[in-house]
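1. this one's sequence-less:
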Ligand SMILES: C[S@@+](CC[C@H](N)C(=O)[O-])C[C@H]1O[C@@H](n2cnc3c(N)ncnc32)[C@H](O)[C@@H]1O
């Protein structure tokens, strides 16, 4: 019998793979959350202030969900979603009894209870391994009706190792341009150190 040497790299455990909830639960559990702004970022707060009426909003990969509290306080219907039970526990502590639909679920499986107007992006796409990016692009397009908005922050740079995984401008356009047109694009006003100089505020509108 031939004896072959197995040269494949050892399988990584779940808490070493960002596509697995254990990766994030371990970090929330240890209080190691360098991506967490601890507040509502300025561009988003200004965007919310500019809207004439509340938008039905989804925050995928919500983590601590600071923004959900801000929206709920303004009577915006908001679903905040995370697949890590420890992230959801953290968010629950921050939200208290704010009227937020806080859901522990996988973004790629979750079905909205009602049609959405807005998906808010912050540190979610850059948390996903690149093999999931096409699925992310398809899913945000499926979840929004014509005229619906995708607004938030994108980690635009060539950082290969992550999370956060950097995305190049042309890669982001390839993901979104088939189904969306871009309305706003500028540097983020108040990035925290992990994203500083490489974070862009963008608003995209779902085409008809
Ligand atoms: C880098 S953190 C960002 C958290 C938050 N958006 C913020 O700005 O502080 C990424 C979050 O996405 C969540 N996440 C990753 N993949 C997910 C998925 N497929 N479905 C739902 N949540 C996911 C993780 O559990 C983690 O809380």
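-> Nice, I can see it. Just so it is clear, the structure is predicted and the values come from calculations on it, not from any experiment.
2. tell me which parts of the protein are close to the ligand?
-> Applying C-beta under 6 Å from any ligand atom, we find that the chain lies next to the ligand at 21, 24, 35-36, 60-64, 81-84, 87, 106-108, 122-124, 127-128. Using the backbone N, CA and C atoms, a C-beta is placed for each residue, glycine as well.
3. now the helices for the chain?
-> All helices of the chain, identified by DSSP state H, fall at 21-30, 42-50, 66-73, 85-95, 133-143, 169-176.
4. I'd like these as TSV, with mean pLDDT and mean neighbour count appended.
-> Listed next are these as TSV, based on pLDDT from 0 to 100; neighbours: other C-beta atoms under 10 Å:
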stretch	mean pLDDT	mean neighbour count
helix 21-30	98	18
helix 42-50	98	15
helix 66-73	98	21
helix 85-95	98	19
helix 133-143	98	16
helix 169-176	98	15
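5. can I get those in CSV including distance to residue 155?
-> Shown next, in CSV, are the helices of the chain (distance: least, C-beta to C-beta, whole Å):
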stretch, distance to residue 155
helix 21-30, 16
helix 42-50, 14
helix 66-73, 17
helix 85-95, 19
helix 133-143, 12
helix 169-176, 10
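6. which ones are touching the residue nearest the centre of the chain?
-> With distances taken as C-alpha atoms, centre = their mean, the residue of the chain nearest its centroid is residue 124 (2.6 Å). With contacts defined as C-beta atoms under 8 Å, 6 or more residues apart in numbering, residue 124 is in contact with 60-61, 107.
7. what's the closest of the residues you listed to the ligand?
-> Nearest to the ligand among these, counting by C-beta to the nearest ligand atom, is residue 61 at 2.6 Å.
8. so how far is residue 7 from that closest one?
-> 35 Å (C-beta to C-beta, to the nearest Å).
9. go on, residue 188?
-> Relative to residue 7, residue 188 is positioned 43 Å away (C-beta to C-beta).
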